[in-house]
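Undergrad: this one's structure only:
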């Protein structure tokens, strides 16, 4: 399916022949970054955990699309072959936690020393500013895939870096700034990315 934007591996193992004496089974160490899950999927499962435990109601925002072309390979099935996003997306997730409106974006990079500002867009920055003006709890979850480190960075710091980027062509947020202004999240199993614990301790 073609989507037109508006302007603006799991742990494996080797098994030998079981009839041979020297047969070995080699298992890879299970880690967040190689168990077949994407960063977004881990956030989604975290939110499912929070919902199931009646802790919070937070969901990924659906983006409305305009269907242009549909293929009907058979009567019982239809395949969308071309569609357009009706409008630019805002942030990835929103919901309610302890009576507060929660809104956040999730981004990832392979960089090891900074987070590229090109991963953000002006309409997302504007949306975060609007949510902050209504006393919302707004932040960004940043995943450094090469380092296997996850951070929660308050929206105020993202906005400040973005504004400086517009003023002096700064192209990224240094990891040192993220480490000092943000909060590193220790990855777990249930929930996988316990970001609400950071909110409880530092932002609520």
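TA: Here it is on my side, so go on. Predicted model, so just to flag it, every value in this text is computed and none were measured.
Undergrad: secondary structure element for residue 104?
TA: strand 100-109 (DSSP states H and E).
Undergrad: so who does residue 170 touch?
TA: 117, 161, 164 (C-beta atoms under 8 Å, 6 or more residues apart in numbering). Heads up, the C-betas are built off the backbone N, CA and C, glycines and all.
Undergrad: top of the residues you listed by neighbour count?
TA: Among these, the one with the most neighbours (other C-beta atoms under 10 Å) is residue 161, at 21 neighbours.
Undergrad: can you tell me the SS state at residue 147?
TA: With DSSP: H, G, I helix; E, B strand; the rest coil as the basis, residue 147 sits in coil.
Undergrad: now the closest residue to it other than its chain neighbours, what are its backbone angles?
TA: Leaving aside its chain neighbours, residue 147 sits nearest to residue 112 (5.7 Å; criterion: C-beta to C-beta, 6 or more residues apart in numbering). The phi and psi values for residue 112, taken as degrees, to the nearest 10, are phi -120, psi -10.
Undergrad: which helix or strand lies directly C-terminal to the helix or strand of the chain with the lowest mean pLDDT?
TA: Sorted by mean pLDDT, DSSP states H and E, the helices and strands of the chain end with strand 25-27, the least confident at a mean of 36. Sequence order places helix 39-52 as the next helix or strand after strand 25-27, per DSSP H and E.
Undergrad: give me the below-cutoff pLDDT ranges for this structure.
TA: 1-37, 63-68, 75-76, 80, 82-88 (pLDDT under 70).
Undergrad: contacting residues around residue 164?
TA: Here residue 164 is in contact with residue 170 (C-beta under 8 Å, 6+ apart).
Undergrad: can you list phi and psi of it for me?
TA: The phi/psi pair for residue 164 (degrees, to the nearest 10) is phi -70, psi -30.
Undergrad: hang on, the earlier thing: who's in contact with the strand holding residue 104?
TA: Residues contacting strand 100-109 (C-beta under 8 Å, 6+ apart): 39-40, 43, 56, 58, 91-96, 115-116, 119-120, 124, 127-128, 131, 134-145, 155, 195, 199, 204.
Undergrad: which residue, other than its chain neighbours, is closest to residue 94?
TA: residue 103 (4.5 Å).
Undergrad: and that neighbour, what are its bridge partners?
TA: residue 94, residue 138 (DSSP bridges).
Undergrad: count of residues packed around it?
TA: Neighbour tally, residue 103, other C-beta under 10 Å: 23.
Undergrad: likewise residue 204?
TA: 13.
Undergrad: if I read this right, residue 141 contacts residue 43, doesn't it?
TA: Yes - if you go by C-beta atoms under 8 Å, residue 141 and residue 43 touch, sitting 6.8 Å apart.
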